[in-house]
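[1] need a structure here:
(4 chains)
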Number of protein chains: 4
Amino acid sequence: MSIRVTVFGENVHEQKSRIVASIYPEGMHQTIADALNTDPGISAGTVTLQQPEHGLTAETLAQTDVLFWWGHAAHGEVEDAVVERVCDAVWSGMGMVFLHSAHFSKPFKRLMGAPCNLTWREAGERERLWLTSPNHPIAAGLPNHFELENEEMYGEPFGVPEPLETVFISWFAGGEVFRSGLTYKRGAGNVFYFRPGHETYPTYHDANVQTVLRNAAHWAYNPAARLADPNAAPNVPVTEALEPIKERGPRLHQDGEAGYR
Amino acid sequence: MSIRVTVFGENVHEQKSRIVASIYPEGMHQTIADALNTDPGISAGTVTLQQPEHGLTAETLAQTDVLFWWGHAAHGEVEDAVVERVCDAVWSGMGMVFLHSAHFSKPFKRLMGAPCNLTWREAGERERLWLTSPNHPIAAGLPNHFELENEEMYGEPFGVPEPLETVFISWFAGGEVFRSGLTYKRGAGNVFYFRPGHETYPTYHDANVQTVLRNAAHWAYNPAARLADPNAAPNVPVTEALEPIKERGPRLHQDGEAGYR
Amino acid sequence: MSIRVTVFGENVHEQKSRIVASIYPEGMHQTIADALNTDPGISAGTVTLQQPEHGLTAETLAQTDVLFWWGHAAHGEVEDAVVERVCDAVWSGMGMVFLHSAHFSKPFKRLMGAPCNLTWREAGERERLWLTSPNHPIAAGLPNHFELENEEMYGEPFGVPEPLETVFISWFAGGEVFRSGLTYKRGAGNVFYFRPGHETYPTYHDANVQTVLRNAAHWAYNPAARLADPNAAPNVPVTEALEPIKERGPRLHQDGEAGYR
Amino acid sequence: MSIRVTVFGENVHEQKSRIVASIYPEGMHQTIADALNTDPGISAGTVTLQQPEHGLTAETLAQTDVLFWWGHAAHGEVEDAVVERVCDAVWSGMGMVFLHSAHFSKPFKRLMGAPCNLTWREAGERERLWLTSPNHPIAAGLPNHFELENEEMYGEPFGVPEPLETVFISWFAGGEVFRSGLTYKRGAGNVFYFRPGHETYPTYHDANVQTVLRNAAHWAYNPAARLADPNAAPNVPVTEALEPIKERGPRLHQDGEAGYR
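    Reported below is the predicted structural model:
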């Protein structure tokens, strides 16, 4: 059975900017999904900001193995309730891949617990991505570096927690560097951040970038059943303790009572 | 100059529960602050939930090197604006120590980006904390294990991100284990979680626990000046690039324009 | 195509100890291999210390996707040249799983760069392993805890580097805890340490333990081609620099010269 | 009391190369020690490869809080017994800072358990180091980037384990990037790797580099008493178990017996 991917696209600049529309006539999300669907092991669909609940209903998330997220101009328009739903899905085991300007998206900031800030410059300069983790599955089939002739610059310090692994680091012609591929785990969910993808450049048409997208879907996918309630904090009654103990001392809670939150 | 610590105490059970009041007649926060103040290198004061803005005004946070947090029954009453202010302070370099049931406090959940859940049992059972990182500064002066005869049990899985370092792991008489001392960095701020401290037991009167509190204040303290704006994402104009580059290709932003958020 | 596993067994106590021989009449390595071979996706064979080069010839390693290692009484008899060969294979991409007393094996100590020491007691006490990383692939199909009624105790502090992820932590009846499942990456190779498996107890006949073994083989396996030379440190001549630069200043080396080691 | 630093210098090229001798007339080790000694909280001395036991006797190591290591041309001449002694000292709590080409030194490779390889080019090109961990103590007093106009290039992939924290990443004019500041813990010892310092350039005369050296000494220093035996693996007799247990099942070892190694 193939990995079920949902690609969230903000779909704002594609409608407002002739440049973006000319590069991505069907929307960036569709180009990303098309790239993923060239892999017979992946089945990718799309949703956009403009749909009710941004297309990210509970039902859709339940049937999504890996969620890709691209947003930029309209982070603030994403509903908080949807953000919580997405985070709950990640914590219960859904994989998630954040692309480029999604570093400032609500769910990424929520999952990182950090500012997620950086420096930036929109000058169409050369970016070169270097692999820092040999044979990492997200880099399968790639050389140990590849270039994007025109990209937006993102510079360090990148305000994110130390990752599980740093997979890519970018070199920019203007003199900056950036940790461009970072892996995390949040709850039961695998999370990957991948830097490239400014909307005024044809980045998602690049063969190496498309390879990363497909690899990331495989890496983030976890075949285990989702956790029923990723926030559960169950009380274990004394009578059900794994080792025989006797209750001692004073207590606040009664048996089976829910804890405070 | 001494490290300026502020201890946030929820101060609810001390007022409602005779048991808690008898153990901590001046409040848990005061006992914690007193323990910290036995170290001449630390100067600790307290604030409580009931104060305006919970006592955590911008001015107070600006003069706090390390914030300790104990809460349990009233996590939901902490104002979201204060939570954001506290997180901003951490990201700009303030140290923070979360105690026991603060695993479910708003700022901890916000900084972790994860469910922070666990299993629990209130039976006054024996807890034994084992040191897992030899010579870690947070364990200075401690043996490689110590016991608390009566504590609440917290059990794995603990729903937090993989830490920078695991410093303590607890053994419980009823058969569970728990990662009881975990270090993190969020933005420029050092964060430590320390498990013991259920309000119906005299945990914060324990000499070893008090040693951990003092060590944690020293560990979390960073003498560097706070970042002016931990969320800043400055544009670097082409003309100020560190290496000479020419602007190429189309762009969305004008020079000096703020980016999207 | 199935994952090719080689199980290295020291095969000493099976020959010397009636107890061990009665539990593992065909050797511990064979029981481990048999457990792995119940998975149609795995094809496991065995080698032992007593074979020439311990059975770990260059050819065998080249055809091994994941190497399992069990040793205890005869760590010192493993030839240093074989240890280097095994480490080179890991660095070039072979997965490796270290079992129980292999914490003191030469290749584990070599890959960890740390003492790998611990406390221990051989009393047939109860061990309970708790999952600390929900939905981790190494725990697929397991409950969030399982027990081994008779095991040797290993206690913290465990002298290993902080892992990529802590997957299991053990509780022991005698009062200790231990990080029993730890993941690492060394070079291009995935490395897993799994604690249980003292030779006087039937641990490798346990269904949950066998599940971990099979999962670990899948987790450690990397389908990418091995690195040709995991220790290569190639010179990049100025004329082949990716960006045009001119040689400046004095230098020690001539073009194409090998660096110092 | 000040931090006692010992700087190990290979002292080979200073004797053989006019260029190196002209930049470092008293040896690189002396320049490094002089830079450290400008800090009244540090007291630094030097040892060289040519001394008996390379100057790294048991007595010297016992009185060294932090050991700095620079070597390049003669890694192979460092005695294995001294390497083991140095590693034991680190594991027992001594801090250690590896500089530049020490990535291929015996003690660094031993502590990393990995190939520690990289790509390189000696062209006197521009290196720019970016801070990736805001307010990290090793970067105290530094801007968020600084430049070295002439340096040797080191390029990714750098064959080291994932660090505790990545502190610096370098940009090179020729198009490469490199993780130039990495922190580790091995046993009880703090370890820092810092990239710059090719012998044909005046890197250790640079003010920013000297600041990093001083900060690194403070960061790596641990005031805790050294572990008496960092490799100890003590048996805990049943009679001394912290919880009452009875010995069960067969066993290999007798009470008080040393374990296998």
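
[2] CA only for contacts and neighbour counts going forward, please
    OK.

[3] Identify the spatial nearest neighbour of residue A:218, chain neighbours not counted.
    Closest residue to residue A:218 in three dimensions, ignoring its sequence neighbours and counting by Cα to Cα, 6 or more residues apart in numbering or on different chains: residue A:3, at 7.5 Å.

[4] can I assume the one you found is in contact with residue A:65?
    Yes - contact status for residue A:3 versus residue A:65: in contact at 6.2 Å, counting by Cα atoms under 8 Å.

[5] which residues do those two both contact?
    residue A:221 (Cα atoms under 8 Å, 6 or more residues apart in numbering or on different chains).

[6] what's the distance between the residue of the stretch 1-150 of chain A found nearest chain C and residue D:179?
    Distances between the stretch 1-150 of chain A and chain C by Cα to the nearest Cα are smallest at residue A:134, namely 5.1 Å. Relative to residue D:179, residue A:134 is positioned 14 Å away (Cα to Cα, to the nearest Å).

[7] And for residue A:76?
    34 Å.

[8] returning to that earlier point: please name the bridge partners of the residue nearest to residue A:218.
    Beta-bridge partners recorded for residue A:3 (DSSP bridges): residue A:42.

[9] same deal with residue A:165?
    With DSSP bridges as the rule, residue A:165 is bridged to residue A:183.

[10] List the contacts of it.
    Per Cα under 8 Å, 6+ apart, neighbours of residue A:165: A:133, A:182-184, D:162.

[11] For residue A:4, the count of nearby residues, please.
    17 (other Cα atoms under 10 Å in any protein chain shown).

[12] Was I right to think it contacts residue A:42?
    Yes - Residue A:4 lies in contact with residue A:42 (Cα under 8 Å); the separation is 6.2 Å.

[13] Could you point out which residue ranges in the stretch 101-250 of chain A have low pLDDT?
    Nowhere does the stretch 101-250 of chain A drop to pLDDT under 70.

[14] Show me what from it comes close to chain C.
    A:133-137, A:140, A:164, A:187-188, A:222, A:224 (Cα under 8 Å from any Cα of the partner chain).

[15] what about residue A:208, which SS state?
    Classification of residue A:208 using DSSP: H, G, I helix; E, B strand; the rest coil returns helix.

[16] For residue A:62, grab the count of nearby residues.
    Neighbour tally, residue A:62, other Cα under 10 Å: 12.

[17] Kindly report the same for the one 10 residues further on.
    Residue A:72: 23 surrounding residues under other Cα under 10 Å.

[18] Quick check: the gap between it and residue A:158.
    Separation of residue A:72 from residue A:158 (Cα to Cα): 17 Å.

[19] Show me what the spatially most central residue of chain A bridges to in the sheet.
    Central residue of chain A (Cα atoms, centre = their mean): residue A:97, 2.6 Å from the mean position. For residue A:97, the beta-bridge partners are residue A:68, residue A:192 (DSSP bridges).

[20] residue contacts, residue A:23?
    Residue A:23 makes contact with A:200-202, according to Cα under 8 Å, 6+ apart.

[21] Which one (most neighbours) among those?
    Ranked by the number of neighbours (other Cα under 10 Å), the contacts of residue A:23 place residue A:200 first, at 25 neighbours.

[22] Mind jotting down where the helices sit in chain A?
    Using DSSP state H, the helices of chain A run over residues A:13-16, A:18-23, A:28-37, A:58-62, A:80-91, A:106-112, A:207-220.

[23] from the contacts of residue A:165, which two are the most distant?
    Largest separation among the contacts of residue A:165 by Cα to Cα: A:133 and A:184, giving 14.5 Å.

[24] The two: which has the busier surroundings?
    Neighbours of residue A:133 and residue A:184, each counted by other Cα under 10 Å, are more numerous for residue A:133; the result is 25 against 22.

[25] before we move on, the earlier item: can you tell me which of the residues of the stretch 101-250 of chain A next to chain C is closest to chain B?
    Set against chain B, the nearest of these by Cα to the nearest Cα is residue A:187 (5.7 Å).

[26] residue contacts, the closest one?
    A:90-93, A:230, B:114-115, B:159-161, C:133-134.

[27] and of those, the nearest to residue C:235?
    residue B:161 (39.1 Å).

[28] Any part of the strand ranked longest in chain A near chain B?
    Using DSSP state E, we find that the single longest strand of chain A is strand A:119-131. Yes - Strand A:119-131 lies within reach of chain B by Cα under 8 Å from any Cα, at A:119-125.

[29] before we move on, the earlier item: count of residues packed around the residue nearest to residue A:218?
    21.

[30] repeat for the one 5 residues further on
    By the criterion of other Cα under 10 Å, residue A:8 has 25 neighbours.

[31] again with residue A:55
    18.

[32] cool, residue A:257 as well?
    11.

[33] where does the residue nearest to the centre of chain A land on pLDDT?
    Note for residue A:97: predicted pLDDT of 98.

[34] burial of residue A:239, as a residue count?
    12.

[35] Over to the one 10 residues further on?
    Counted with other Cα under 10 Å, the burial measure for residue A:249 works out to 14 neighbours.

[36] Skip the chain neighbours and tell me the closest residue to it.
    Residue A:249's closest residue in space is residue B:124 (Cα to Cα, 6+ apart), at 5.5 Å.

[37] Report the contact partners of the one you found.
    The contact partners of residue B:124, by Cα under 8 Å, 6+ apart, come to A:247-250, B:149-152, B:201.

[38] repeat that with 7 Å
    Residue B:124 sits next to A:247-249, B:150-152 when contact means Cα atoms under 7 Å, 6 or more residues apart in numbering or on different chains.

[39] Narrow those to those that are buried.
    Taking 16 or more other Cα atoms under 10 Å in any protein chain shown as the criterion, what is buried in the contacts of residue B:124 is A:247, B:150-152.

[40] Nearest to chain D among these?
    The closest of the buried ones among the contacts of residue B:124, once distances to chain D are taken by Cα to the nearest Cα, is residue B:150, at 15.1 Å.

[41] how close does that closest one get to residue B:19?
    14 Å.

[42] hmm, back to that, so for residue A:76 and residue D:179, which residue has more residues nearby?
    residue D:179 (26 against 13).

[43] was I right about that one contacting residue D:172?
    No - counting by Cα atoms under 7 Å, residue D:179 stays clear of residue D:172, with 11.5 Å between them.

[44] hey, what's in contact with both of the two?
    With Cα under 7 Å, 6+ apart as the test, residue D:179 and residue D:172 reach no residue in common.

[45] Flag every residue of the stretch 1-150 of chain A that's near chain B.
    A:72-73, A:75-76, A:91, A:104, A:110-115, A:117-125 (Cα under 7 Å from any Cα of the partner chain).

[46] Quick one, which of those are buried?
    Burial by neighbour count, judged by 16+ other Cα under 10 Å, picks out A:72-73, A:75, A:91, A:104, A:110-115, A:117-125 from the residues of the stretch 1-150 of chain A next to chain B.
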